[in-house]
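Engineer: the sequence isn't on hand, but the structure is:
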């Protein structure tokens, strides 16, 4: 006897229909049950449900936006490669005794930045929080009103200060803060100042009738100066590059120079201009770093072994002066316009459509706000963003004035064939 026409398909049949999507069978069973409960019995629709879930999982994409450090795309691209073996994370191989996970990478970062010591936590917000909690809990911290900022993800200096237990003391005004403003706050009755915190605005600039106090000036106040430089430029001279520092880095604070100016501690991100993994790095005076290392929060905020290993490889590339060829971020920065033009011409020829155009790439992730890098892109008629995202691997581009733009400065040359395939598939 034939099954009743309204009888839903079996869970097993729908789950097996999803097998081609590549999800675990147990997950397909759950999706099949959800589909049946929602009255969705068409196998094609159920497969679409599974495919949609699959596309929502983490995976590699091709960044064709022209934003080198795209926060939504993981900031600095970085290869992950480690054998499935144990790691001497907290074992000193030389002595056989228990060691510190901060020792090896910390020593490399300290050498790289010209500091006495360094430790690593899981991001720069954590670095600032730990420094404030370790050095200033229950005490005053001087911050210029122009630097009491909010940056991406709702990171607000006053709120981080509150969570650390330190007391925020605003000095100066939004657009002008002088050394005398800090000195006045130090001399107020009942003042118990632990340190001065200087915060790089990162993702905006204040121009016009402005004045700021330098780290060198603050260092003469007799209290520790903590500088959050955010973006993680190691050295303003960029000695790992074959030529002079790029013009777009002018004015970007660098760890080595900030320490030389008298900062007691400098904090910055690992996955921005450094080009490494997500991490927060604290470098500076050994006694201040040690206070941070011994604070209970340090254990809660510490990174895992794979982050430290990736950061170690990044630091070694700088020390070996090979960062320009082995750190993907600096590879993108250093790609010549002539090479970008040749790649764009080849892609347009392979497609038989599109137009090579000059574009402006940007550093991104709050690094060097307002700065641009000349680049080359491909312009195609229409909005193809959705079709490009459906490709495997997805290509993330941008749309302007009804046209799709693929910026090649942020595309690895080895991905050009995938870009061609994605653009072909995106034709309406």
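Structural biologist: Received, thanks. Note that this is a predicted model, so its numbers are computed, not measured. Numbers count the residues shown, from 1 in each chain.

Engineer: can I see the domain layout of the chain?
Structural biologist: The record, using automatic domain parsing to delimit domains, assigns the chain the ranges 62-76+330-425, 103-322.

Engineer: what is the neighbour count of residue 229?
Structural biologist: Residue 229: 25 surrounding residues under other CB atoms under 10 Å. Using the backbone N, CA and C atoms, a C-beta is placed for each residue, glycine as well.

Engineer: you'd agree it is in a strand?
Structural biologist: Yes. Going by DSSP: H, G, I helix; E, B strand; the rest coil, the assignment for residue 229 places it inside a strand.

Engineer: residues contacting the closest residue to it other than its chain neighbours?
Structural biologist: Across the structure, with CB to CB, 6 or more residues apart in numbering as the measure, the residue nearest residue 229 apart from its sequence neighbours is residue 253 (4.2 Å). By CB atoms under 8 Å, 6 or more residues apart in numbering, the contact set of residue 253 is 200, 227, 229, 231, 233.

Engineer: ok, the fourth one touching residue 371?
Structural biologist: No. The criterion here is CB atoms under 8 Å, and residue 231 misses it with residue 371 at 10.9 Å.

Engineer: these two: who's more crowded?
Structural biologist: Between residue 231 and residue 371, counting by other CB under 10 Å, residue 231 is the more crowded of the two (25 against 18).

Engineer: relative to residue 110, how far out is the more buried one?
Structural biologist: With distances taken as CB to CB, to the nearest Å, residue 231 is found 19 Å from residue 110.

Engineer: any low-confidence regions in the stretch 51-200 of the chain?
Structural biologist: By pLDDT under 70, the low-scoring segments of the stretch 51-200 of the chain are 151-155.

Engineer: please name the residues that touch the nearest residue to residue 97 once chain neighbours are set aside.
Structural biologist: Beyond its immediate neighbours in the sequence, the residue positioned closest to residue 97 (CB to CB, 6+ apart) is residue 91, lying 7.8 Å away. With contacts defined as CB under 8 Å, 6+ apart, the neighbours of residue 91 are 97, 98, 99.

Engineer: biggest strand in the chain, by residue count?
Structural biologist: strand 373-381 (DSSP state E).

Engineer: against which helices or strands is the helix or strand following it packed?
Structural biologist: Using DSSP states H and E, the helix or strand that follows strand 373-381 in sequence is helix 385-390. Counting contacts by 3 or more CB pairs under 8 Å, 6 or more residues apart in numbering; DSSP states H and E, the secondary-structure elements packed against helix 385-390 are strand 395-396, helix 416-425.

Engineer: if we use 10 Å, what do you get?
Structural biologist: helix 43-55, strand 395-396, strand 403-407, helix 416-425 (3 or more CB pairs under 10 Å, 6 or more residues apart in numbering; DSSP states H and E).

Engineer: could you give the angle of the third one to helix 416-425?
Structural biologist: The reference is to strand 403-407. Regarding strand 403-407 and helix 416-425, their directions subtend 170 degrees when assessed with axes from the mean of the first three to the mean of the last three CA atoms, to 10 degrees.

Engineer: parallel or antiparallel, which strands does strand 403-407 pair with?
Structural biologist: With DSSP bridges as the test, strand 403-407 is paired with strand 373-381 (antiparallel), strand 398-400 (antiparallel).

Engineer: go through the last one and flag the buried ones.
Structural biologist: Neighbour-count burial for strand 398-400, counted by 16 or more other CB atoms under 10 Å, picks out residue 398.

Engineer: for it, what is the distance to the chain centroid?
Structural biologist: Here the centre of strand 398-400 is set off from its chain's centre by 23 Å, with CA atoms, centre = their mean, to the nearest Å.

Engineer: right, I'll leave it there.
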